[in-house]
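Peer 1: Please work out how this folds:
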Amino acid sequence: MVSASVVAPVDLRQRILSDQLTMPKEAESPNRRNKLILRLEPFFRPVFVSGLLVILVISILFLMQPPSQPISLAALQIRAKIVRGEVSLREATNTDELHTWLRRTVDGKFGPLRYDFSPLNVKPVGGTVQEVKGRQILVAVFRGNGLSITCFTFLGTEEDAPKNATVFFDPEKKMRFYTFSRDGIHAVLHREDNVICMLVSNMPPGELLSLVKSSSPHKHRQDLTE
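Peer 2: Below is the predicted model:
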């Protein structure tokens, strides 16, 4: 009996082998898709999507929030409110009386300096106590002869000055004076111990700086011992 062997053409064998290799992959592909869907399923749940939206909104609001301004610039805003009549003053015609009242409002913890404004012919108008971020600010207002001078006193450090302020160092007094301006109003800030004194005025910045530097340091200590 003669046996006959049938040999398939080469191209046919290659096609069969190729089909055998691809069939398992095609069978596995639905399983892979199912696994991928199961992994991604939590990300499509309403709770997860809502959480992402909340995080996104908070991030946007945080980026849009303006940086916190130093208390010295907040003091300029207080002055502007006083000028517009939005902040009322306790009237005073005597500097000593005004300073005494301001010291008492903070239980004598600190008080304004005794600046000599007599050569400028300005007189006390009144004062107020304002609070910025939990910090009390003593405000004394002087006016006259076309000038307006507002004295701000509060506890703090030189870090309370604006970052772009111009710094003048007085080697004799060993003190730094920070000058800056906003909308035509000029200010000079300096520190004495833990007390910050800041004068704000419409007078020329050079004259304002000279006025502050000419005042004797640590005069608020005398006030506290009275």
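Peer 1: where are the low-confidence patches of the protein?
Peer 2: For the chain, the stretches flagged by pLDDT under 70 are 1-67, 215-226.
Peer 1: Apply 50 and report the result again.
Peer 2: In the prediction, the chain carries residues with pLDDT under 50 at positions 1-4, 25-27, 62, 65, 218-226.
Peer 1: Strands of that one, start to end?
Peer 2: 90-91, 123-132, 135-144, 147-155, 166-170, 175-182, 185-192, 195-201 (DSSP state E).
Peer 1: Break this structure into its domains for me.
Peer 2: Domain ranges of the chain: 10-64, 71-225, per automatic domain parsing.
Peer 1: most tightly surrounded among the strands of the chain?
Peer 2: Mean neighbours per residue, mean count of other C-beta atoms under 10 Å, is largest over the strands of the chain for strand 195-201, with a mean of 24. Bear in mind the C-beta positions are built from the backbone N, C-alpha and C, glycine included.
Peer 1: Name every strand pairing with it and say which way it goes.
Peer 2: strand 147-155 (antiparallel), strand 185-192 (antiparallel) (DSSP bridges).
Peer 1: do you know which of the ones you listed lies nearest Arg114?
Peer 2: Of all the strands paired with strand 195-201, strand 147-155 sits nearest to Arg114, with 10.2 Å by C-beta to C-beta.
Peer 1: Compute the inter-axis angle for the closest one and strand 135-144.
Peer 2: For strand 147-155 against strand 135-144, the angle by axes from the mean of the first three to the mean of the last three C-alpha atoms, to 10 degrees is 160 degrees.
Peer 1: So which residues make contact with strand 147-155?
Peer 2: Residues outside strand 147-155 that contact it (C-beta atoms under 8 Å, 6 or more residues apart in numbering): 71, 75, 78-79, 82-83, 102, 109-113, 115, 117, 120, 122, 135-143, 160, 194-203, 220.
Peer 1: Export it to CSV, keeping only CA atoms.
Peer 2: The C-alpha trace of strand 147-155 is given here as CSV (Å, rounded to 0.1, in the frame of the first residue of the first chain):
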residue,chain,number,x,y,z
LEU,A,147,0.0,120.3,55.5
SER,A,148,-1.4,117.0,56.7
ILE,A,149,0.7,114.7,58.9
THR,A,150,-0.5,111.4,60.2
CYS,A,151,1.5,109.5,62.7
PHE,A,152,1.1,105.7,62.9
THR,A,153,2.5,103.7,65.8
PHE,A,154,2.4,99.9,66.2
LEU,A,155,4.4,97.0,67.5
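Peer 1: tell me the angle of it relative to strand 123-132?
Peer 2: Using the same axes, to 10 degrees: strand 147-155 against strand 123-132 is 40 degrees.
Peer 1: Going forward, the N-terminal residue is numbered 736.
Peer 2: All right, first residue 736 from here; so that's strand 882-890.
Peer 1: quick one on the thing from earlier: export the strands of the chain to JSON lines and tack on distance to Ser949?
Peer 2: Output for those, formatted as JSON lines (distance: least, C-beta to C-beta, whole Å):
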{"stretch": "strand 825-826", "distance to Ser949": "28"}
{"stretch": "strand 858-867", "distance to Ser949": "19"}
{"stretch": "strand 870-879", "distance to Ser949": "16"}
{"stretch": "strand 882-890", "distance to Ser949": "14"}
{"stretch": "strand 901-905", "distance to Ser949": "11"}
{"stretch": "strand 910-917", "distance to Ser949": "12"}
{"stretch": "strand 920-927", "distance to Ser949": "11"}
{"stretch": "strand 930-936", "distance to Ser949": "12"}
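Peer 1: Right, I'll leave it there.
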